[in-house]
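In: have a look; sequence and predicted model below, questions after that.
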Amino acid sequence: MRRLKILTWHTHGSYLYYLTQAPHDFYVVSKPGRPPGYGGRCGHLPWGPNVHDLPAAQAKRQQLDCIVFQDDHQYLDDQFDLLSPQQRALPKIYIEHDPPRAHPVDERHPVRSSDVLLVHVTHFNRLMWDSGHTPTRVIEHGVIDAGARYSGELPRGLVVVNNLLKRGRRLGADIFEQARREIPLDLVGMGAEEAGGLGEIRHADLPAFAARYRFFFNPIRYTSMGLAVIEAMLAGVPIVALASTEMPTVIKDGVNGYADTDVSRLVSRMRALLQNPETARELGAQARRTALERFNIRRFVDDWSEAFTQVTDIPHERSVA
């Protein structure tokens, strides 16, 4: 029933914040200047006292119970450059945040070991990756209810994508531009100004910011289930999205939002939401219900406790988050 000492990296800040709601101590690798992936405990997220900054040069001296990788170079390079042989023999988990990039069905995952648990964040991701004989499980996202509630007072749609222009078609830059020509849309996220957007909104402020918009539009073609989408759903915002990857299992067309592969049809749905705020409110209420049932933080933390137990064979107290 003891707490684990877990080494990990700052790959996706909001995901790391939710992961660290688990009742364990997390040591997050940092490097001088805090470059991407090595930010450690940094930024404006309200980290708990169980999150510890661990300079990379000190990693070999840190007592640990488990290693949680979140990117290829961490697994392929960092574990050999930063960790001792004894640490590399510890129980290991690799969190796969994305679907395969090079080929949608035939790409082999870089983790090819029966000694590593490969955790996918969506069932779609596990379906598409060729994971060979590596043991896998799916732990879907969990988010904390920030208390924001839908008003929909702004007759506009909100799009939340980081660095949309640089990431191009995969993240739906062309779809966003097509829809923006017909529908009033605001873009937020890192690098949003480059695409005529509003800029970045702090994670803690984003749910309340999104709750003022009539709907949330997700133009992304191919990625995992976005945390910003789920956070908006939890605030009661109706979602309009491409029916690709995991999204069709979450957004039921006409029930808690609209999902389709026909962009012109989605544009028509967005226009209807601008004209019918009560419909938007009803869809948003169903979206919140979906998020509470499927993506609550209690379930997420309990799933992670089971995963840690699986790899360490140490029983843990279930969370009371």
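Out: Cool, the structure landed.

In: from now on I want contacts and neighbour counts done on CA atoms only, so please keep to that.
Out: Will do.

In: the strands in the stretch 1-150 of the chain, which residues?
Out: Taking DSSP state E, counting those that start in this stretch to define them, one finds strands in the stretch 1-150 of the chain at 5-8, 25-30, 51-55, 66-69, 92-96, 116-120, 136-138.

In: quick one: which of those is nearest Val255?
Out: Smallest distance to Val255 across the strands of the stretch 1-150 of the chain (Cα to Cα): 25.3 Å, for strand 136-138.

In: and the closest one, how far from the chain's centre?
Out: Distance of strand 136-138 from the chain centroid (Cα atoms, centre = their mean, to the nearest Å) equals 16 Å.

In: show me what it is packed up against.
Out: Counting contacts by 3 or more Cα pairs under 8 Å, 6 or more residues apart in numbering; DSSP states H and E, strand 136-138 packs against strand 116-120, helix 123-128.

In: so where's the chain shaky on pLDDT?
Out: Along the chain, the model assigns pLDDT under 70 to residues 1, 314-321.

In: and if we set it to 80?
Out: Across the chain, the ranges flagged by pLDDT under 80 are 1-2, 314-321.

In: can you tell me which residue sits nearest the middle of it?
Out: When Cα atoms, centre = their mean is applied to the chain, the residue found nearest the centroid is Leu227 (4.2 Å).

In: how much space between that residue and Tyr18?
Out: Note on Leu227: its distance to Tyr18, by Cα to Cα, to the nearest Å, is 10 Å.

In: equivalent analysis for Glu278, please.
Out: For Glu278, the distance to Tyr18 - Cα to Cα - is 32 Å.

In: tell me which of the two has more neighbours.
Out: Neighbour totals were compared for Glu278 and Tyr18, and Tyr18 leads with 17 against 12 (other Cα atoms under 10 Å).

In: domain parsing for this protein?
Out: What automatic domain parsing lists as the domains of the chain is 5-142+296-312, 154-294.

In: quick check: end-to-end length of the shortest one?
Out: By that I understand domain 154-294. End-to-end distance (Cα to Cα), domain 154-294: 28 Å.

In: can you count the residues close to Gly147?
Out: So Gly147, with other Cα under 10 Å, has 9 neighbours.

In: typo on my end, it should be Glu140
Out: The tally of other residues near Glu140 (other Cα under 10 Å) stands at 18.

In: surely it touches Val121?
Out: Yes: the pair Glu140 / Val121 is scored as a contact, 4.9 Å apart, by Cα atoms under 8 Å.

In: related to what we said a few turns ago, tabulate the strands of the stretch 1-150 of the chain in CSV, adding columns for distance to Gly40.
Out: Formatted as CSV, the strands of the stretch 1-150 of the chain follow (distance: least, Cα to Cα, whole Å):
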stretch, distance to Gly40
strand 5-8, 9
strand 25-30, 4
strand 51-55, 5
strand 66-69, 14
strand 92-96, 17
strand 116-120, 22
strand 136-138, 25
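
In: looking at the helices and strands packed on strand 136-138, which is buried most?
Out: strand 116-120 (a mean of 23; mean count of other Cα atoms under 10 Å).

In: can you name every helix or strand that that strand contacts?
Out: strand 92-96, strand 136-138.

In: mind listing residues that contact the shortest one?
Out: With Cα atoms under 8 Å, 6 or more residues apart in numbering as the contact definition, strand 136-138 has outside contacts at 117-123, 126.

In: what do you get if the cut-off is 6 Å, keeping everything else the same?
Out: 117-121 (Cα atoms under 6 Å, 6 or more residues apart in numbering).

In: neighbouring strands for it, and are they parallel or not?
Out: Sheet partners assigned to strand 136-138 using DSSP bridges are listed as strand 116-120 (parallel).

In: same check on the longest one?
Out: Sheet neighbours of strand 92-96, with direction, are listed as strand 66-69 (parallel), strand 116-120 (parallel) (DSSP bridges).

In: who touches the shortest one?
Out: What that stands for is strand 66-69. Outside strand 66-69, the residues that touch it by Cα under 6 Å, 6+ apart are 6-8, 90-94.

In: does Val160 touch Asp186 like I think?
Out: No: assessed by Cα atoms under 6 Å, Val160 is found out of contact with Asp186, at 8.5 Å.

In: neighbour count winner among these two?
Out: Per other Cα under 10 Å, whichever of Val160 and Asp186 has more neighbours is Val160, with 25 against 20.

In: so which residues of the protein form helices?
Out: Counting by DSSP state H, the chain has these helices, from start to end: 13-19, 72-73, 79-82, 85-88, 123-128, 164-167, 173-180, 206-211, 227-234, 247-250, 263-275, 277-294, 297-312.

In: make JSON lines out of those and add distance to Ala148.
Out: JSON lines is the format used below for those (distance: least, Cα to Cα, whole Å):
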{"stretch": "helix 13-19", "distance to Ala148": "17"}
{"stretch": "helix 72-73", "distance to Ala148": "35"}
{"stretch": "helix 79-82", "distance to Ala148": "40"}
{"stretch": "helix 85-88", "distance to Ala148": "42"}
{"stretch": "helix 123-128", "distance to Ala148": "28"}
{"stretch": "helix 164-167", "distance to Ala148": "26"}
{"stretch": "helix 173-180", "distance to Ala148": "26"}
{"stretch": "helix 206-211", "distance to Ala148": "5"}
{"stretch": "helix 227-234", "distance to Ala148": "8"}
{"stretch": "helix 247-250", "distance to Ala148": "21"}
{"stretch": "helix 263-275", "distance to Ala148": "20"}
{"stretch": "helix 277-294", "distance to Ala148": "11"}
{"stretch": "helix 297-312", "distance to Ala148": "16"}
